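Need coordinates for the below:
(one chain, ligands or ions: 1)
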Amino acid sequence: MEAFHLLTRGGVTFNKKKFEKDVQLFDKSKKPDIKGAASSSSASELPPELDFFKYAQGGQPKRKGDSTDGPKAKKQKLEESDSEEEGSADTPVPVMGRQRVTAKGKDVPEAVEAFKSLGSRYEMSSLLLGNLEKSGYHEPTGIQSHGIPILLEGRDLVAISPTGTGKTLSYLLPIVSALGAPASTSKQDQGSGVRAVILAPTRELAHQIHNECLKLAQGRKWRIVLFSKATANSLNDKNVRDKVDIIISTPLRLVAAIQSGTVELKNVRHLVLDEADRMLDSEFLPQIQEILAGCSHSDVQKAVFSATLPAGAEKIAMDMLRNPIRLVVGLKDTPLPLIAQSLTYVADDASKVPTLLQYLAQPYNPPVLIFVSTQDRATSLAEELIINGTRNVDHLHAGMTKKEREDAVSRMRQGHSWVMVCTEVMARGMDFKGVREVINYDFPKSVQSYIHRVGRTGRMGREGKAVTFFTNDDGPFLKTIANVILQSGSTVPEWILKLPKPSKMKRKEMGKVKRPEFVQAARQVGRADAIKKRIPAFTTHDQLAKIHEKDRIGGILEI
Ligand SMILES: Nc1ncnc2c1ncn2[C@@H]1O[C@H](COP(=O)(O)OP(=O)(O)OP(=O)(O)O)[C@@H](O)[C@H]1O
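Next up, the predicted model:
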């Protein structure tokens with residue numbers, strides 16, 4: 001702890017040379033050396049901060065300033081190293097693609113190297129294989145190569161694979177493939193009532209999974225229902241209810257429907273828990289148990305998926321499953337090496353807004369996701385950024401109405417939001433392909449929260465960048481997150497590594513750090529004027545290009 005105190009006790013003995021980069025963030029006369037920030041562009045080029053549409057089309061990110069310590073180099077190092085995750089002593093499985101996959105369990109089915117093998121080996125329909133192609137899924141990822149055959153062979157599965165590696169398709173494809181004829185047309189004896197249930201912790205994620213599922217099922221009349229109050233009401237009619245093939249829901253919504261008798265799960269043959277560790281935590285577990293009890297068919301295949309699965313959650317999962325196979329892709333509970341991660345010291349809460357404004361004043365890669373700890377802090381930080389001239393700022397938290405949340409997600413998907421301030425509700429599962437930078441404005445409340453938050457970038461082979469602010473109050477937990485960063489191949493200052501490891505008890509306090517209810521304003525004086533003159537929250541691409549042109553030549557903003 002001594003090193004941390006040296007850094008933080010009022011700055012008297014602060015070693016400025018050693019922490020030059022952190023000091024630069026507070027020195028307005030110097031540009032901070034933010035790794036990954038592009039240098040200023042020539043006047044004839046669109047400024048990099050405006051040029052994100054190119055990226056949004058999926059082009060390879062060109063990060064300037066990457067050194068030999070950049071994510072690629074780190075990835076290489078990790079692949080070359082002999083580092084190994086737990087379970088590797090079990091059934092050896094060939095290395096697929098870039099990530100090591102280990103499987104534990106009896107009679108593990110052989111992995112597939114190409115989607116087309118699913119046609120010959122499992123008679124997967126050409127319609128489904130065609131839909132994969134149409135979606136741009138040409139080759140399976142590690143979790144898909146191994147996980148899909150396991151599920152197609154009817155086995156239960158615990159799958160742990162890093163964020164953005166295609167877990168959704170790994171469970172959707174086998175389910176859709178096993179459905180056969182849609183319930184509405186079927187004369188076969190497949191029972192009546194919903195046959196597959198997929199559970200996710202947030203409405204946004206359930207919605208995203210629903211969209212993926214619809215894409216995959218194109219061309220067949222399966223009824224795939226995203227559960228909401230409205231759909232629950234429509235299922236009051238048994239004739240409608242019996243024609244549903246798949247339900248995708250949050251646990252609470254489904255339990256309410258079970259209790260009111262609008263849904264029966266006795267015909268369910270496939271049950272998937274996405275973000276399994278969250279679903280099995282104390283908040284959701286009673287609901288999951290109720291849903292499990294409702295799935296009373298003698299042959300229910302169960303699968304749990306997550307990027308993180310702490311031992312406690314894994315034990316609960318294993319007890320739920322029958323003769324399961326456990327798959328681990330990459331290093332368990334570790335972000336992908338493609339995400340360049342760093343820690344930024346900001347002393348106290350009041351210093352965060354100025355630090356963030358300085359960060360956003362440099363060229364950055366929009367859209368950027370900014371995580372805060374509470375709903376009020378999300379709203380107030382978004383407001384603060386707008387007042388201070390940051391463009392296209394949006395926010396999202398669970399206290400907003402369903403419509404507001406849907407609109408915010410849709411603006412993000414369409415590329416209208418450049419800066420999205422959000423709470424934990426966006427941390428898990430949300431897939432926005434263009435997100436290149438994540439900022440943990442408030443320190444995460446657990447290692448799992450950290451991994452999922454930073455996992456909103458660096459998805460499906462793209463590079464990403466994640467910055468985590470820490471204050472003096474976060475000091476005791478710094479080492480825990482630093483270890484995760486180090487394990488995934490990014491570098492951490494030496495002094496942090498020398499901090500003592502917090503006890504298990506202490507680590508539990510990580511999520512309980514007290515923060516002010518609202519973020520602290522960057523400017524008190526002239527705030528009312530600033531609000532009146534603030535730039536409209538959303539402007540068109542052309543308007544923004546004009547603004548930047550004027551900014552460069554010192555013009556006055558007129559919009
Ligand atoms: N085989 C594939 N080829 C190309 N892209 C794919 C493939 N499989 C999935 N994807 C795309 O990769 C992205 C990430 O997939 P997905 O959201 O399923 O990741 P995940 O592992 O569930 O991540 P998280 O842990 O954050 O939930 C999505 O945009 C998806 O469309």
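
Am I right that residue 178 is in a helix?
Yes: under DSSP: H, G, I helix; E, B strand; the rest coil, residue 178 sits within a helix.

pLDDT at it, what is it?
Predicted confidence (pLDDT) for residue 178: 95.

Please tell me I have it right and it contacts residue 246.
No: in this structure, residue 178 is not within contact of residue 246 by CB atoms under 8 Å, at 10.8 Å. For every residue, glycine as well, the C-beta is placed using N, CA and C.

Neighbour count for those two, which is higher?
Set side by side, residue 178 and residue 246 show more neighbours around residue 246, with 26 against 17, by other CB atoms under 10 Å.

right, and the more buried one touches residue 212 too?
No: with contact defined as CB under 8 Å, residue 246 does not reach residue 212; the gap is 11.5 Å.

Tell me how many other residues crowd residue 498.
Using other CB under 10 Å, residue 498 has 12 other residues around it.

Wait, residue 329 touches residue 144, no?
No: contact criterion CB under 8 Å: residue 329 and residue 144 do not qualify, at 9.8 Å.

Overlap of the contact sets of the two?
Residues touching both residue 329 and residue 144 (CB atoms under 8 Å, 6 or more residues apart in numbering): none.

pLDDT weak spots in the stretch 51-200 of the chain?
51-98, 184, 186-191 (pLDDT under 70).

the strands in it, which residues?
If you assign secondary structure with DSSP state E, counting those that start in this stretch, the strands in the stretch 51-200 of the chain sit at 101-104, 157-160, 196-199.

same question, the chain
101-104, 157-160, 196-199, 224-226, 246-249, 270-274, 301-306, 325-329, 339-347, 368-371, 393-396, 419-422, 437-440, 464-471 (DSSP state E).

residues from the chain in reach of the ligand?
Proximity of the chain to the ligand (CB under 6 Å from any ligand atom) is limited to residues 136-137, 139-141, 144, 161, 163-169, 307, 429, 431, 433, 455, 459-460.

For the stretch 451-559 of the chain, give me the ranges with low pLDDT.
523-559.

Find the closest residue to the ligand in it.
residue 460 (3.8 Å; CB to the nearest ligand atom).

Count the residues that sit near that residue.
Neighbour tally, residue 460, other CB under 10 Å: 14.

Same check on the one 3 residues further on?
Using other CB under 10 Å as the criterion, residue 463 is surrounded by 24 other residues.

same check, this time on residue 101
Residues contacting residue 101 under the criterion other CB under 10 Å number 20.

picking up where we left off before, can you turn the buried part of the residues of the chain next to the ligand into a ChimeraX selection?
Here is the ChimeraX selection string for the buried members of the residues of the chain next to the ligand, based on 16 or more other CB atoms under 10 Å:
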select :137,140,141,144,161,163,164,165,166,167,168,169,307,429,431,455,459
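
Out of the residues of the chain next to the ligand, which sit inside helices?
144, 167, 168, 169 (DSSP state H).

List just the nearest of the residues you listed to residue 339.
residue 167 (16.9 Å; CB to CB).

Provide a list of residues in contact with the residue lying closest to that closest one once chain neighbours are set aside.
Nearest residue to residue 167 in three dimensions, chain neighbours excluded: residue 305, at 4.7 Å (CB to CB, 6 or more residues apart in numbering). Applying CB under 8 Å, 6+ apart to residue 305 gives the contacts 159, 160, 161, 167, 170, 171, 272, 273, 274, 275, 276.

So the third one versus residue 419, what's the distance?
Just to be clear, that refers to residue 161. 29 Å (CB to CB, to the nearest Å).

cool, and the first one?
Going from residue 159 to residue 419 by CB to CB gives 33 Å.

Residue 494 now?
Residue 494 is 32 Å from residue 419, by CB to CB.

For these two, indicate the residue with more neighbours.
The neighbour count for residue 494 versus residue 419, taken as other CB under 10 Å, is higher for residue 419 (24 against 9).

Verify the stated contact: the more buried one with residue 396.
No: contact criterion CB under 8 Å: residue 419 and residue 396 do not qualify, at 11.6 Å.

who's in contact with the residue of the stretch 251-400 of the chain found nearest the ligand?
For the stretch 251-400 of the chain and the ligand, the shortest gap (CB to the nearest ligand atom) falls at residue 307, measuring 4.0 Å. By CB under 8 Å, 6+ apart, the residues touching residue 307 are 160, 161, 162, 163, 165, 167, 451, 452, 455.

Spatially nearest residue to the last one (excluding sequence neighbours)?
With sequence-adjacent residues excluded and distances taken as CB to CB, 6+ apart, residue 455 is closest to residue 163, at 2.5 Å.

Relative to residue 155, how far out is that neighbour?
Counting by CB to CB, the separation of residue 163 from residue 155 is 24 Å.

next one: residue 329
Residue 329 is 17 Å from residue 155, by CB to CB.

Those two: who's more crowded?
Taking other CB under 10 Å, residue 329 and residue 155 do not tie; residue 329 has more neighbours (29 against 21).

Local confidence estimate at the more buried one?
Residue 329 is given a pLDDT of 96.

quick one: contacts for it?
Applying CB under 8 Å, 6+ apart to residue 329 gives the contacts 99, 100, 101, 142, 143, 146, 159, 160, 161, 162, 165.

swap the cut-off to 10 Å and go again
85, 96-97, 99-103, 141-147, 159-162, 165-167, 170, 307 (CB atoms under 10 Å, 6 or more residues apart in numbering).

what sits against the residue nearest to it when sequence neighbours are not counted?
Spatial nearest neighbour of residue 329, excluding adjacent residues (CB to CB, 6+ apart): residue 161 at 3.8 Å. Applying CB under 10 Å, 6+ apart, we find residue 161 in contact with 99, 101, 141-144, 146-147, 167, 170, 305-307, 327-330, 332.

what's around residue 260, how many residues?
Neighbour count for residue 260, taken as other CB under 10 Å: 12.

so it makes contact with residue 253?
No: Residue 260 is beyond contact range of residue 253, at 11.1 Å (criterion: CB atoms under 10 Å).

what do those two both touch?
Counting by CB under 10 Å, 6+ apart, the residues touching both residue 260 and residue 253 are residue 232.

Residue 391: neighbouring residues, count only.
Neighbours of residue 391 under the rule other CB under 10 Å: 21.
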